[in-house]
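Enquirer: sequence first, predicted model second:
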Amino acid sequence: MTMTRFTFPGHDGGQLAARLDMPDGPHLATALFAHCFTCSKDIPAARRIAGRLAAMGIAVLRFDFTGLGHSEGEFENTTFTTNVQDLQAACAELETRGLAPSLLIGHSLGGAAVLKAANTLPNIKAVVTIGAPFDPEHVTHTFGAKIDDIKRDGVAEVSLAGRPFRISSDFLSDVAGEKLTTAIKDLNAALLVLHAPMDQTVSIDNASNIFVAAKHPKSFVTLDDADHLLTRAQDAEYAADVISSWVSRYLDLQRPAPPESTPEGILRVSEADPAGFLQDIQSGPHHVLADEPTAYGGANKGLTPYGLLSAGLGACTSMTIRMYARRKQWPLAHVSVDITHDKVHSEDASADSKTKIDSFTRTITLKGDLDDAQRARLLEIADRCPVHQTLERSNHIDTKLADS
């Protein structure tokens with residue numbers, strides 16, 4: 001993906017720091033991401049989700065709310081209402097760039113903000129919340145005994161996640177008077193609620209209340225034992241997987257036809273975990289993972305590279321057999337293909353030679369009322385699989401029928 005950093009004026013005219021991740025291929029849609037309370041646009045979960053969506057063709061704008069991250073302004077002068085206004089300003093900035101968003105994603109209090117803002121923004125078709133509170137005032141429970149100091153002095157310093165923040169009485173008053181029930185009920189977009197049952201910051205009943213208040217279409221997916229910030233890579237990865245799959249149902253992500261010279265378009269492989277071997281593989285709207293077994297330093301979260309190669313051979317073989325049987329109107333009820341791969345010594349090399357070639361053994365199972373001649377013909381047709389022909393130019397492939 002291509003990344004651009006810029007600033008745009010927020011609710012009070014101060015410059016907000018933004019990052020726009022653009023797809024390397026066709027731009028199919030745009031998402032606007034709102035980060036969690038006192039966080040920034042660059043937290044790992046936000047980066048992970050943005051990267052996955054960009055690989056699908058969805059541009060993602062992330063920005064720091066006023067007074068946070070690299071944005072201008074004083075945090076103590078902000079409220080939940082100003083967060084919503086900053087979101088509206090971000091949407092306006094995207095519109096000026098010809099990138100009007102159709103997807104909103106909000107994490108924690110950012111989730112509450114996108115629920116509040118959604119119906120004020122044009123073209124929004126889908127909304128995703130991650131660990132969001134149903135009542136914005138919920139965030140004040142993290143202030144503890146400092147609430148009395150804030151009310152008495154008008155502003156007080158609060159320690160949140162080990163960092164000091166100055167919170168004003170205006171913030172307390174604003175969240176106390178803010179209720180989301182009407183905004184959620186009137187939401188004119190599909191809604192996905194992601195929440196972890198063990199979330200110690202925003203309890204799971206918040207997700208239940210949001211889900212119940214919303215109209216269909218709506219979906220709820222549990223994040224299992226993830227923490228509030230999705231700090232574990234696998235939790236952020238799972239959230240990204242769910243969002244990327246879910247959103248394709250509600251956004252028009254049809255890609256333009258690729259040129260005839262590249263009939264399958266571009267398949268992109270990128271690192272998902274530089275500390276290990278996990279890889280993101282994206283081809284149009286389709287996504288898979290590749291990895292190595294734990295014994296080889298991987299996390300075993302996806303097929304190995306040779307597993308993917310074998311999968312290509314098996315899938316192409318099954319498709320080729322099915323196409324032929326369908327054209328002949330033969331009673332083929334089901335086909336499956338088992339592939340094993342190994343390195344073997346070349347036939348023209350001695351046993352102690354280092355020269356080896358790749359050998360694929362393909363076991364085909366054909367079900368249906370087929371006679372021996374039909375089964376034999378389908379076995380021959382398997383060798384016409386284009387992937388088979390590609391591999392056999394330099395490799396050896398053994399093919400056999402399974403016992404019926």
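Expert: Received the coordinates, thanks. What you are looking at is a predicted structure, and each value in this text was computed from that prediction instead of being measured.
Enquirer: contacts, neighbours, all on C-alpha from now
Expert: Noted.
Enquirer: just the strands in the stretch 301-404 of the chain please.
Expert: In the stretch 301-404 of the chain, strands defined by DSSP state E, counting those that start in this stretch lie at 332-345, 356-368, 396-401, listed in chain order.
Enquirer: ranking these by burial, who's on top?
Expert: strand 356-368 (a mean of 18; mean count of other CA atoms under 10 Å).
Enquirer: can you tell me the closest non-neighbouring residue to residue 116?
Expert: Excluding the flanking residues, the one nearest residue 116 by CA to CA, 6 or more residues apart in numbering is residue 183, at 5.7 Å.
Enquirer: tell me how far the one you found lies from residue 236.
Expert: 27 Å (CA to CA, to the nearest Å).
Enquirer: distance between the ends of stretch 104-122?
Expert: 11 Å.
Enquirer: could you list the buried residues of it?
Expert: Neighbour-count burial for stretch 104-122, counted by 16 or more other CA atoms under 10 Å, picks out 104-119, 121.
Enquirer: ok, and what's touching that stretch?
Expert: Applying CA atoms under 8 Å, 6 or more residues apart in numbering, the contact partners of stretch 104-122 are 31-37, 80, 83-84, 87-88, 91, 124, 126-136, 139, 180, 183-184, 186-188, 202, 228.
Enquirer: buried subset of those?
Expert: Here, 16+ other CA under 10 Å leaves 31-37, 80, 83-84, 87-88, 91, 124, 126-136, 139, 180, 183-184, 187-188, 202, 228 buried among the contacts of stretch 104-122.
Enquirer: list the ones among those residues that fall in strands.
Expert: In strands, defined here by DSSP state E, the members of these are 31-34, 126-130.
Enquirer: per-residue confidence averaged over the helix or strand hosting residue 46?
Expert: Using DSSP states H and E, residue 46 falls within helix 44-55. Helix 44-55 shows a mean pLDDT of 90.
Enquirer: which positions in that helix come out as buried?
Expert: 44-55.
Enquirer: next: stretch 175-185.
Expert: Neighbour count says stretch 175-185 has 175, 180-181, 183-185 buried, by 16+ other CA under 10 Å.
Enquirer: now do that stretch: distance to the chain's middle.
Expert: Its chain's C-alpha centre and that of stretch 175-185 lie 28 Å apart, by CA atoms, centre = their mean, to the nearest Å.
Enquirer: compute the first-to-last residue distance for that stretch.
Expert: Termini of stretch 175-185 sit 19 Å apart (CA to CA).
Enquirer: what's the answer for stretch 184-195, then?
Expert: 17 Å.
Enquirer: I'd like the average pLDDT over that stretch.
Expert: The model assigns stretch 184-195 a mean pLDDT of 96.
Enquirer: circling back to that earlier point, for the residue nearest to residue 116, give me its contacts.
Expert: Applying CA under 8 Å, 6+ apart, the residues contacting residue 183 are 115-116, 119.
Enquirer: lowest-confidence helix or strand of this protein?
Expert: strand 396-401 (a mean of 74; mean pLDDT, DSSP states H and E).
Enquirer: residue 310 against residue 341, yeah?
Expert: Yes: taking contacts as CA atoms under 8 Å, residue 310 lies within contact range of residue 341: 7.2 Å.
Enquirer: give me the angle between the longest helix that the chain contains and strand 356-368.
Expert: Ranked by residue count and defined by DSSP state H, the top helix of the chain is helix 305-328. Helix 305-328 and strand 356-368 are oriented at 40 degrees to each other (axes from the mean of the first three to the mean of the last three CA atoms, to 10 degrees).
Enquirer: between helix 305-328 and strand 332-345, how big is the angle?
Expert: Going by the same axes, to 10 degrees, helix 305-328 makes 140 degrees with strand 332-345.
Enquirer: residues contacting helix 305-328, please?
Expert: So helix 305-328 is contacted by 290-291, 331-332, 335-341, 360, 362, 378, 381-388 (CA under 8 Å, 6+ apart).
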